[in-house]
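J.: Can you look at this prediction? I've put the sequence above it.
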Amino acid sequence: MSGLVPQVACPHLPSNVKPVSALKDVKIDQSVIGSCTNGRISDLRIAAKILKGKKAAPGVKLLIFPATQKIYLEAVKEGLAEIFVRAGGVFSTPTCGPCLGGHMGILTEGEVAIATTNRNFIGRMGSPKSFVYLSNPAVAAASAITGRITHPGLL
């Protein structure tokens with residue numbers, strides 16, 4: 001298990017997977033942590049551990065969406081919400097907004113996001129000329145801090 005490295009799904013298919021180390025030069029505009037797929041309290045704890053005492057890189061939008069209202073309240077109770085806000089993030093109630101390109105975090109032409117959502121098809125989070133990479137919460141949090149797709153072990 002120690003030889004495994006985080007994998008990232010590259011645009012525009014969840015099956016287009018590469019090791020995180022192969023993407024270290026990819027600059028991001030947005031990091032989305034959460035949603036119905038990776039918005040469990042355990043996911044938020046992982047992201048908060050990485051983000052605690054740090055800030056999102058200048059120009060990077062950091063959005064956090066718990067999967068449910070119950071998880072939202074638990075994150076507030078545990079102090080995770082405060083960590084996210086102090087890191088420069090937006091801590092939202094559960095929503096499908098950015099995942100579907102509906103509201104909050106809609107990508108414009110040429111923008112790049114790393115997200116813990118489950119799909120990265122063309123136009124999924126906004127412009128059909130945007131790019132969505134899928135990762136786990138640790139990679140998404142580390143990438144928010146550096147402004148590039150980053151292995152969390154390199155922080």
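T.: Here it is on my side, so go on. Numbering: from 1, shown residues only.

J.: Lys49 is in contact with Ala87, correct?
T.: No. Between Ala87 and Lys49 there is no contact under CB atoms under 8 Å: 11.5 Å. C-beta: built from backbone N, CA, C; applies to glycine.

J.: who's more crowded, the two?
T.: Ranked by neighbour count (other CB atoms under 10 Å), Ala87 and Lys49 place Ala87 first, with 22 against 14.

J.: gap between that one and Ala22?
T.: 26 Å (CB to CB, to the nearest Å).

J.: and stretch 48-65, average pLDDT?
T.: The average of the pLDDT scores along stretch 48-65 is 97.

J.: ends of that stretch, how far apart?
T.: Start-to-end span of stretch 48-65 (CA to CA, to the nearest Å) is 13 Å.

J.: Flag every buried residue along it.
T.: By 16 or more other CB atoms under 10 Å, the buried positions in stretch 48-65 come out as 48, 50-51, 54, 56-57, 60-65.

J.: Mind checking which of those residues land in strands?
T.: Using DSSP state E, the subset of those located in strands is 61-65.

J.: Closest one to Val76 out of those residues, please.
T.: Proximity of those to Val76 (CB to CB) peaks at Ile64, which lies at 11.7 Å.

J.: just checking, the closest one touches Val90?
T.: Yes. The criterion here is CB under 8 Å, and Ile64 meets it with Val90 at 6.9 Å.

J.: just so I have it, where are all the strands in the protein?
T.: Under DSSP E, the chain gives strands at 7-9, 17-19, 30-34, 61-65, 90-91, 112-115, 131-134.
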